[in-house]
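*Asks:* sharing a sequence plus its predicted fold:
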Amino acid sequence: MKTLADLNDDPCIAGMNKVVVNDGSTNGLNFLQQVASDQSFFLIQLKTNRGKGAAIKEAIRYILSQGWPVEFLVTVDSDGQHLAKDVSRVIESASQNTTAIHVGSRRLEKDKTPWRSFFGNFFSRMLFSCLYGSELKDTQSGLRAYPKHFFPTLLSLQSDRYDFEMEAIIRAMQSKVCIAETQIDTVYLMQNKSSHFRPFLDSYRVLRVMAKTRFKHSASARHKA
């Protein structure tokens, strides 16, 4: 994870409330200690690993329970991929359109991207385009801004792991929620070794949720007709 200073030194981010969800991990204890001692961060500790989607849902529930006057939630991965300046870019885009979902879009070049990240994103992007006719450049980016009106939908999603983000995009399209992309830098520290993404199992989950949701939606449309 980027240091606290990296986020707090950015004037766009420094004054914002920041929620960190530790999804049952025993790594990064030094970072978690820093979080616990910083008043602008709020730490949620999950006893067991429940998945990325479950962690985001816990953050949403916490935000709602605090009654903060938020317009959107920005999600940032903990593996150092997202620079503070790019987080700031997504916040700026979301501030200009608080009803849309804003995705930080990377340029994933084959010779500069770890194979498991390139593999997962390439196939999910191609299948997504075939099934939904959308040309999103980065369907797997974890740097996103979700508008507050979309929180109930996010909490209702069945997916709790990496497939959560794909299901969120699909539900947004089906609900006619605008999806905007903001270009961000592509950063992989140590070939992204800290990532818990499993290329075959997690890619399967992502592809499954795409196909399942697409055909379920088609069957529902035929039934209504």
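*Replies:* Thanks, I have the structure now.
*Asks:* show me where the chain has its strands.
*Replies:* Here the chain has its strands, by DSSP state E, at 18-23, 41-46, 72-75, 101-105, 144-147, 179-183.
*Asks:* so which of those strands gets nearest residue 86?
*Replies:* Nearest of the strands of the chain to residue 86, taken as CB to CB: strand 101-105 at 5.8 Å. Just so you know, the C-beta spots here come from the backbone N, C-alpha and C atoms, and that holds for glycine as well.
*Asks:* for that closest one, which strands pair with it and how are they oriented?
*Replies:* In the sheet, strand 101-105 lines up against strand 144-147 (antiparallel), strand 179-183 (parallel) (DSSP bridges).
*Asks:* let's have the ones you listed in CSV, adding mean pLDDT, distance to residue 70 and mean neighbour count.
*Replies:* Shown next, in CSV, are those (pLDDT from 0 to 100; distance: least, CB to CB, whole Å; neighbours: other CB atoms under 10 Å):
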stretch, mean pLDDT, distance to residue 70, mean neighbour count
strand 144-147, 98, 10, 22
strand 179-183, 95, 18, 16
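*Asks:* between these, which one is nearest to residue 128?
*Replies:* The closest of those to residue 128 is strand 179-183. By CB to CB, the value is 11.5 Å.
*Asks:* and for residue 68, the neighbour number?
*Replies:* Residues contacting residue 68 under the criterion other CB atoms under 10 Å number 12.
*Asks:* ok, back up a step: and the strands of the chain: which comes nearest residue 92?
*Replies:* strand 179-183 (8.2 Å).
*Asks:* how far does that closest one sit from its chain's centre?
*Replies:* Centroid displacement of strand 179-183 relative to its chain, using CA atoms, centre = their mean, to the nearest Å, is 13 Å.
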